[in-house]
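[1] would you be able to build a 3D model of this:
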Amino acid sequence: MTDSDRPADGLAWPSFAMPLHAVVIGASGGIGRALAAALAASPQVARVLACARRPLAPDHAKLQPQPLDLLDEASIVAAAEVARTSLRSVDLVLVATGRLHDGPRLQPEKSWRALEAAALTELFQINAVGPALVAKHFLPLLPRERKAVFAAISARVSSIEDNQLGGWYGYRASKAALNMLLRTLALELARRWPAALCVGLHPGTVATELSGPFRTNVPAERLFTPDFAARRLLAVLEQLTPADSGRLFAWDGQRIPF
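    Got it, this is the predicted structure:
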């Protein structure tokens, strides 16, 4: 994709088969909930398996709630089995999870003096290991003969080349690890499912709990609603081809260097 190939908003994705079956991991979060809602609202989509650690109350007939905890591989296995038996095919798997902070006990590090093994381990477990285990169990469900996508929410601050400010050690490093996992998964996926893609997505600064404490200086025009971010990310996926697999893309379709 070139920088001029900016995606348009919409609820139609003609590059995917119809009917489309999707899985959203992290469907109780701001972006995950918006992704699930946007997919359910499209006449092209038959069913959305909405996976989350917290119980979900489906607000659309197409949404099928499913418990899944990134820290519990058995729950990932169970969700994949539900997807295999109830969806028949899985055309789109979206991992909309991530952890940056958790109240006073877990905050982004401003200095190396704040580095702690437990915090780093937690961030790597949530931001890298969990999505990798989702890929382990959901990639085999993708169809071989048509376009299918496995995508995970990453972040611009995960870019090693683009890091000019420092800080946020654990979040940056764990999301950079996610990028490497996605790149490596994409190479293996290309040998087995040549029509499929595995990519990272940067949603921009979105008004969610994750960004809440850190968006006071974000201009209003650069602070996105979850619904806007979800539609733009889905529009980006519509534009991508297998040649784009293994890369990281922003909400506007621009490629972000690793």
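
[2] surely L142 and W193 touch.
    Yes: counting by Cβ atoms under 8 Å, L142 does reach W193; the two are 5.6 Å apart. From N, CA and C alone the C-beta is placed, and that goes for glycine too.

[3] so what sits against both of those two?
    Applying Cβ atoms under 8 Å, 6 or more residues apart in numbering, one finds that L142 and W193 are jointly contacted by A148.

[4] strands of the stretch 101-250 of the chain, start to end?
    148-153, 196-202, 205-206, 223-224, 248-250 (DSSP state E, counting those that start in this stretch).

[5] can you put these in JSON lines and add distance to Q66 and mean pLDDT?
    Below are the strands of the stretch 101-250 of the chain laid out as JSON lines (distance: least, Cβ to Cβ, whole Å; pLDDT from 0 to 100):
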{"stretch": "strand 148-153", "distance to Q66": "17", "mean pLDDT": "98"}
{"stretch": "strand 196-202", "distance to Q66": "21", "mean pLDDT": "97"}
{"stretch": "strand 205-206", "distance to Q66": "24", "mean pLDDT": "86"}
{"stretch": "strand 223-224", "distance to Q66": "27", "mean pLDDT": "82"}
{"stretch": "strand 248-250", "distance to Q66": "27", "mean pLDDT": "97"}
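
[6] just the ones you listed: most buried one?
    Sort the strands of the stretch 101-250 of the chain by mean neighbour count, taking mean count of other Cβ atoms under 10 Å, and strand 148-153 sits at the top with a mean of 26.

[7] name the helices or strands packed onto that strand?
    strand 92-95, helix 130-138, helix 169-192, strand 196-202, helix 226-239 (3 or more Cβ pairs under 8 Å, 6 or more residues apart in numbering; DSSP states H and E).

[8] how about 6 Å then?
    Strand 148-153 is packed against strand 92-95, strand 196-202, with contacts defined by 3 or more Cβ pairs under 6 Å, 6 or more residues apart in numbering; DSSP states H and E.

[9] which stretches of the protein have low pLDDT?
    The chain contains residues with pLDDT under 70 at 1-10, 208-222.

[10] turn the helices and strands packed on strand 148-153 into CSV, including distance to F16.
    Conversion of those to CSV gives the following (distance: least, Cβ to Cβ, whole Å):
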stretch, distance to F16
strand 92-95, 7
strand 196-202, 11
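
[11] any idea which of the ones you listed gets closest to E109?
    Across the helices and strands packed on strand 148-153, the minimum distance to E109, taken as Cβ to Cβ, is reached by strand 196-202, at 20.9 Å.

[12] residues touching that closest one, excluding its own?
    Strand 196-202 has contacts (Cβ atoms under 6 Å, 6 or more residues apart in numbering) with 142, 148-156, 179, 182, 185-186, 189, 233, 240, 242, 245, 247-250, 256.

[13] now do it against helix 169-192, angle only.
    For strand 196-202 against helix 169-192, the angle between stretch directions is 160 degrees (axes from the mean of the first three to the mean of the last three Cα atoms, to 10 degrees).

[14] ok and strand 196-202 relative to helix 226-239, angle-wise?
    Using the same axes, to 10 degrees: strand 196-202 against helix 226-239 is 150 degrees.

[15] just the angle between strand 196-202 and strand 148-153, please?
    20 degrees.

[16] now strand 196-202 against helix 130-138, angle please.
    160 degrees.
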